[in-house]
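Undergrad: Show me how the following folds:
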Amino acid sequence: MVTRGGIELLTRIGFAARGLMYLTIGALALRSGRAADSQAALAELAGGFGGVLLGLMAVGFLGYAIWRLSEALIDSEGHGSDAKGLATRIGGAVSGLVHLGLALFALRLAIGDRSGDGSGTGSQQGAAMALQLPGGTLLLIVAALALIGTGLFQLRKAVRADFLDHLDRKIASASWVKWSGRIGYAARGLVFLLIGWFAGQAALSGRAAEAGGIAEALAALPGGLFLLVASGFALFGLFSLVEARWRRITNPRLLDQLRVRPA
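TA: Predicted coordinates for the structure are as follows:
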């Protein structure tokens, strides 16, 4: 039987999994200059630690995805239905779907399926599929604008540091927590802006090869900025581990809300 405590535990494992993934992306960049994406980072972890860790991460990503989707569908975080609240909830839905994909990929690695790991072509493949659809160019432009909006939202969080509001006060007051979050969100914001720019270029040129993800965004940065953003990713991984332990996850009525949700 699923309990509120069970959902909270899975979500905390998800924050920890996200933290390990970002720490790995940052470490690969700082150690060897390698621009890696999420899948390449998970493949690196699979090679170093084997299937048990990836299986646990898959469970965590699934729990995190369920939590973010519940945030979007039933407003479990209380964002409301005004423009700002809806935008936040839509962002939660997108994040939930992304983490479902990460859960599936981590599960594949855990059972020994290494086909396509770290290929870095997911963004180009997605852009190619979009461009083949009726109205695909417009769809890709909308996606580009959404990514740019996400980047700006991440930068806003870095400036305002309102992510601290979700942490227990005893840890939120620590300066290192505040700055690891701020630098981490700033790094993510810049990368999302670049990914949005790539998607826009792909839409306007009609060439899916112009699209790119995290790895392509990192690779496009000049040396000094590359190191700063890589360090930011590592710090965001550290901040995610802090969230795994000290974030306030959800309200006590989440399961009741899920049960009464119309089919």
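
Undergrad: Please identify the helix or strand for Val242.
TA: helix 223-246 (DSSP states H and E).

Undergrad: Mind listing what's buried along that helix?
TA: 226, 229-244, 246 (16 or more other CB atoms under 10 Å). No exception for glycine: its C-beta is placed from N, CA and C like everyone else's.

Undergrad: From the contact counts, what lies against it?
TA: Judged by 3 or more CB pairs under 8 Å, 6 or more residues apart in numbering; DSSP states H and E, helix 223-246 is in contact with helix 4-32, helix 169-172, helix 175-205, helix 214-219.

Undergrad: in stretch 59-78, what's buried?
TA: For stretch 59-78, by 16+ other CB under 10 Å, it's 59-72, 74-77.

Undergrad: now do stretch 14-31
TA: Buried, per 16+ other CB under 10 Å, within stretch 14-31: 14-29.

Undergrad: how distant is that stretch from the center of its chain?
TA: On the basis of CA atoms, centre = their mean, to the nearest Å, stretch 14-31 sits 11 Å off its chain's mean C-alpha point.

Undergrad: go on, stretch 144-155?
TA: In terms of CA atoms, centre = their mean, the centre of stretch 144-155 is found 13 Å from the chain centre.

Undergrad: Only the buried residues of it, if you could.
TA: Here stretch 144-155 shows Ala144, Ala146, Leu147, Ile148, Gly149, Thr150, Gly151, Phe153, Gln154, Leu155 as buried, counting by 16+ other CB under 10 Å.

Undergrad: again, but for stretch 205-216
TA: Buried, per 16+ other CB under 10 Å, within stretch 205-216: Ala208, Glu210, Ala211, Gly212, Gly213, Ile214, Ala215, Glu216.

Undergrad: For Met129, state which of those is nearest.
TA: Distance to Met129 across the buried residues of stretch 205-216 (CB to CB) is lowest for Ala208, with 8.4 Å.

Undergrad: my guess is the closest one contacts Ala127, does it?
TA: Yes - counting by CB atoms under 8 Å, Ala127 is a contact partner of Ala208 at 4.0 Å.

Undergrad: Determine the residues that are contacts of both of these two.
TA: Ala202 (CB atoms under 8 Å, 6 or more residues apart in numbering).

Undergrad: List the residues that contact the most centrally placed residue in the chain.
TA: Nearest residue to the geometric centre of the chain (CA atoms, centre = their mean): Ser95, 6.0 Å. Neighbouring residues of Ser95 by CB under 8 Å, 6+ apart: Ala65, Arg68.

Undergrad: Next one: Leu73 from Ala87, what distance?
TA: 15 Å (CB to CB, to the nearest Å).

Undergrad: Gly151 too?
TA: From Gly151 over to Ala87 the distance is 14 Å, taken as CB to CB.

Undergrad: now stretch 28-44: mean pLDDT?
TA: The average pLDDT within stretch 28-44 is 92.

Undergrad: typed the wrong thing, it's stretch 245-263
TA: 61.

Undergrad: Over to stretch 185-194?
TA: 97.

Undergrad: Gly206 touches Gly136, doesn't it?
TA: No - counting by CB under 8 Å, Gly206 does not reach Gly136; the two are 9.3 Å apart.

Undergrad: OK, contacts around the closest residue to Gly19 other than its chain neighbours?
TA: Leaving aside its chain neighbours, Gly19 sits nearest to Ser240 (3.3 Å; criterion: CB to CB, 6 or more residues apart in numbering). The neighbourhood of Ser240, defined by CB under 8 Å, 6+ apart, consists of Phe15, Ala16, Arg18, Gly19, Tyr22.
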